[in-house]
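Novice: sequence plus the predicted model coming up.
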Amino acid sequence: MDLGTLLTSSLTDTLDVSLPHFRPELALAGTIVLVLMCRMLPVLRWLDSGLVAIGGVGFALWYAWADLRGLAGGFAMDAVASSTGSMELFGGLLVYDALTAYIRFLLCGFLVLYIVFTKVSGIPDREDGADFYTLVLGASLGMCLMASANHLLMLFMAVEMASVPSYALAGLLKGRKASSEAALKYAVYGAGAAGVMLYGISLLAGVLGTCHLPSMAAELGRIVGEGADTGSISVLALGGLMLTAGLAFKLSAVPFHFWCPDVFEGAAAEVGAFLSVASKAAAVALAVRVAFSLGWLADATGPTAAGLADVRHFTVYVVGVMAAVTCTLGNLAAYGQTNMKRLLAYSTIAHAGYLMMGVAAAVAMLGDDPTGCRMAVTALAFYLGTYVFMNLGAFAIVAVLRNRLRSEEIASYAGLVRSSPGLVVAAAAVLVSLIGLPPLAGFVSKFLVFSAIVDAISKGAERPLMLALLVVGGVNTVVSLFYYLNVLKVMTFDPPPDDRVAVASPVWLPGALVTAVVVPVVVLGIFWSGLYAVAQVAGTFAS
C-alpha cells in the first residue's frame, strides 16, 4: 500500500467511522476550549464559565444518551446512534462498545450534577472558575478515554490525562497548607504509580510484541498455552502486576490507597466528590476492559484457549485478594476517623473493594458462563450508577455543613437534628444506603454484586475464592454499620456544642441541591428497574 492510499484510508476511517462515535469526547474538548477563551479573552470575561461548562456538558450528555439508546435498540437519533456492536476507532487505539457508551453517559450525567453542585457550594469562586472547570473537564475527557482504551499506550495516556488535572484540583484551596500538601502527596504517589505502570507496559509489549489488547490476548494465550520458558512467563506475570498497580492506584485499592485519605482531607469537599465518583467509574471500566481483553478470545482454541484460561485464573485471584483486603482495610480504618472527609475517603476505599469483587466474579465466569458474566457486568454498571448519587450526596452534605458550620469534623455535627433536621434526614438516607441496607439504592447495588458472586459459586467458577469473597463482603457490610451510624448518632443524640456559631447562608438553594441528589438514592431502592435496564446495555459488553 502506497503512502497516498494509506493516508486516504486513514482519513476516511477517521471521518466516517471514528469521529461519529467520538462525539461526547469532542463536545467535552470543545467545551474546554470555550471555557479557556472565557478566561483569556477580555470580551468574554463577562460570561460565567460554569454556565458555559454546563452547556457544553449538556451537549456531550445528549450525544452519549443517543449512542447508548441506539445500542439498546431504542429509537435512534440518527444512523450513527443506531449502530451496534464493538467497533475499533482511530486505528485500534480506542474501541466503541456498550461499556464505552454507558460509562461516558454516566460521566457526562455526573458532570451536569457536579457543576451545579459547585455553583451552589461556592467553590470555585468566579475568578478561578475557568481554571477549575478546565481541569475538571480535562480529567473527565481522560476518564472517557480510559473507558474506551484498546491499546496500552492509549491506556497510559488516558490514565495520565485523568490524573494530572486531578493533582492540580487537589491543591485548589490557595493558601491552605493542607491543600498544598494533598496536591503534593497525590502528585508524588501518582508519578510513582505511573512509572511502575509504564514499566509493566514495556515488559508486556516486549514479550508479546504488541500493545493492541486483542492482539496481546492472542499472543498471551499462545505463549502460556504452549508452555514457554519460565523466564517469559515470569516477565509476563511481573508486567501484569505492574500494570495492575497503576489501575489499583486509580481505584485507591490496597496497597496503593495511601494517597486517598490525605488527599480527601486536604482537598475541598467538591474535589473529593469528583475523585470518588468519576475516577472510580473510569477505573472500574478500565479494569473490566483490560481483564476481559487479555483473558478471553471468542475464537481461541487448543493451547491458546487453555493459556487464556490460566491467565483468567491468575487475574481472578489477584483481583479477588486485592478486593478482600481493600474492603476490609477501608471499613476498619474508617471506624476511628474524626474528620468527615477522611471517613468518606476510607468509605471510598471500601466500596472499591466491593466493586473489585464484582470484577473478580465477572472474570471468573468469562468464557464459561456468558449469561452469568453478563449479569456480573450489569451489576457493576448498576452499582456505579447508584454510587454517583450516594457519594455526590454525601459530599454535598459535607460542603453545605462546611459553609454553615465552618468545620468538617464529625464532632461539630453534634445535635444538628435540632437546627437542620432536613439535612440530617438526607444524611441518614445517604449513609444507610452506603451501608447497603434496604430499601435504599445501596442495598440493591450490593445485592446484585453479591448475587453475581453466588452465581459464580453455583457454576463452580473459582469456588473457594468466591466463597471467601462472599463471606468477606457480608462481614464488612456489618462492620460498616458502626462508623456510618456513629455519624448519625452524633447528629441526633449528642448535645450541640455551646460555642457553635452557625454562619448565615441561603437555605433553599443548598437544600434543593441536596434533595435533588438524595431523592434518587431513595427512589432507586424501590423503583430500580429503569436504571437496571440501562445497566443491562453495559452488560452486553460481556456477550
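Specialist: Everything's here; your move.
Novice: skip ahead from the host helix or strand of residue 5 and say which helix or strand is next.
Specialist: Assigned by DSSP states H and E, residue 5 belongs to helix 3-13. Later in the chain than helix 3-13, the nearest helix or strand by DSSP H and E is helix 23-40.
Novice: for residue 409, what are phi and psi?
Specialist: When read as degrees, to the nearest 10, the backbone of residue 409 gives phi -80, psi 140.
Novice: max-length helix in this structure?
Specialist: If you go by DSSP state H, the chain has its longest helix at helix 370-405.
Novice: report the buried residues of whichever helix or strand comes after that helix.
Specialist: Per DSSP H and E, helix 370-405 leads on to helix 416-419 as the next helix or strand towards the C-terminus. If you call a residue buried by 16 or more other C-beta atoms under 10 Å, then helix 416-419 has these buried ones: 416, 417. Where you see a C-beta, it was placed from the backbone N, CA and C, and this is true even at glycine.
Novice: which helices and strands sit right next to helix 416-419?
Specialist: Helices and strands touching helix 416-419, by 3 or more C-beta pairs under 8 Å, 6 or more residues apart in numbering; DSSP states H and E, are helix 421-435, helix 463-492.
Novice: okay, the ones you listed, which one's buried deepest?
Specialist: Of all the helices and strands packed on helix 416-419, helix 421-435 has the most neighbours on average by mean count of other C-beta atoms under 10 Å, namely a mean of 22.
Novice: what's in contact with that one?
Specialist: Residues outside helix 421-435 that contact it (C-beta atoms under 8 Å, 6 or more residues apart in numbering) are 347, 351, 386, 390-391, 393-394, 397, 400-401, 416-417, 440-443, 477, 480-481, 484-485, 487-488, 491-492, 511, 514-515, 518, 521-522, 525.
Novice: tilt between it and helix 463-492?
Specialist: 170 degrees (axes from the mean of the first three to the mean of the last three C-alpha atoms, to 10 degrees).
Novice: chain center to helix 421-435, what's the gap?
Specialist: Offset of helix 421-435 from its chain centre (C-alpha atoms, centre = their mean, to the nearest Å): 22 Å.
Novice: any weak-confidence spans in the stretch 1-150 of the chain?
Specialist: 1, 73-85 (pLDDT under 70).
Novice: in it, which spans are helices?
Specialist: Secondary structure of the stretch 1-150 of the chain by DSSP state H, counting those that start in this stretch: the helices cover 3-13, 23-40, 49-71, 98-121, 129-148.
Novice: ditto for the stretch 151-300 of the chain
Specialist: Under DSSP H, counting those that start in this stretch, the stretch 151-300 of the chain gives helices at 152-170, 177-208, 213-225, 230-251, 259-266, 269-295.
Novice: reformat the ones you listed as a markdown table; add mean pLDDT and mean neighbour count.
Specialist: Formatted as a markdown table, those follow (pLDDT from 0 to 100; neighbours: other C-beta atoms under 10 Å):
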| stretch | mean pLDDT | mean neighbour count |
| --- | --- | --- |
| helix 152-170 | 94 | 22 |
| helix 177-208 | 92 | 18 |
| helix 213-225 | 89 | 20 |
| helix 230-251 | 90 | 19 |
| helix 259-266 | 93 | 25 |
| helix 269-295 | 93 | 25 |
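Novice: residue 368 - that's part of a helix, no?
Specialist: No: under DSSP: H, G, I helix; E, B strand; the rest coil, residue 368 sits outside any helix and is assigned coil.
Novice: and it, what does it touch?
Specialist: Residue 368 neighbours (C-beta under 8 Å, 6+ apart): 459, 461.
Novice: if I look at it, what pLDDT would I see?
Specialist: You'll see residue 368 listed with a pLDDT of 82.
Novice: relative to residue 31, how far out is residue 37?
Specialist: Distance of residue 37 to residue 31, computed by C-beta to C-beta, to the nearest Å: 11 Å.
Novice: of the two, who's got more company?
Specialist: Set side by side, residue 37 and residue 31 show more neighbours around residue 31, with 25 against 16, by other C-beta atoms under 10 Å.
Novice: thanks a lot, catch you later.
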